[in-house]
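Participant: just coords:
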């Protein structure tokens, strides 16, 4: 058995792409700011052109171990909420996979999903554990009406459970 393992051809190492790729999960450096918009830009500060660029980028990617990715990209806000809630642990808050998932969720929030808006505000609130001042961003995504916040929270829960 060990002979078969040792006889297996070695895999050549990949060339150094540091100049072309960012440190952020192998996303090309010029597009890395797109997947960080969810945690750096207020709801009203994201234009149609940027949304289109982000959609095109996300359509080319498939992150590992993310359930509901294809459904969320196909326009299902419940799938976006579900994958965001499944990936909301403190240990993944600052990972490329989390940024990709939250970027999809942000697009659904911009498309009018109240559940996505509430879930995005929740995810931003968790970034406080990283020492970030996210209060202005949270306020931009969260509705001011307590009844609307309650309805959106229930909608997010129902979307995640569906």
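Facilitator: Great, that's in hand. What you see is a predicted model; the values in this text were computed from it and never measured.
Participant: and residue 138, what does it touch?
Facilitator: 121, 124, 125 (CB atoms under 8 Å, 6 or more residues apart in numbering). The way it works is simple: take the backbone N, C-alpha and C, and place the C-beta from them, glycine included.
Participant: what's the helix or strand hosting the last one in contact with?
Facilitator: Element membership for residue 125 (DSSP states H and E) is helix 114-126. Outside helix 114-126, the residues within contact range by CB under 8 Å, 6+ apart are 38-39, 43, 77-78, 80-81, 84-85, 88, 90, 93, 102, 105-106, 108-109, 134, 137-138, 141-143, 148-149, 151-153, 155-160.
Participant: what about the helices in this protein?
Facilitator: Under the criterion DSSP state H, helices of the chain are mapped to 2-7, 32-36, 48-59, 69-73, 77-86, 96-110, 114-126, 135-141, 146-161.
Participant: mean pLDDT lowest for which of the ones you listed?
Facilitator: Note on those: lowest mean pLDDT is at helix 2-7, with a mean of 44.
Participant: show me just the buried residues among the contacts of residue 138.
Facilitator: 121, 124 (16 or more other CB atoms under 10 Å).
Participant: ok, so of the contacts of residue 138, who is nearest residue 57?
Facilitator: Nearest to residue 57, judged by CB to CB, of the contacts of residue 138 is residue 124 at 20.8 Å.
Participant: any idea how far the closest one lies from residue 64?
Facilitator: 24 Å (CB to CB, to the nearest Å).
Participant: kindly report the same for residue 123.
Facilitator: 19 Å.
Participant: neighbour-wise, which of those two wins?
Facilitator: Between residue 123 and residue 64, residue 123 has the larger neighbour count (other CB atoms under 10 Å), namely 24 against 6.
Participant: for the residue nearest to residue 159 when sequence neighbours are not counted, grab the count of nearby residues.
Facilitator: Closest residue in space to residue 159, ignoring its immediate chain neighbours: residue 78 at 3.6 Å, by CB to CB, 6 or more residues apart in numbering. Close neighbours of residue 78, defined as other CB under 10 Å, add up to 21.
Participant: same question for residue 137.
Facilitator: Using other CB under 10 Å: residue 137 sits among 22 other residues.
Participant: is it in contact with residue 42, as I believe?
Facilitator: Yes. Taking CB atoms under 8 Å as the definition, residue 137 is a contact partner of residue 42 at 6.0 Å.
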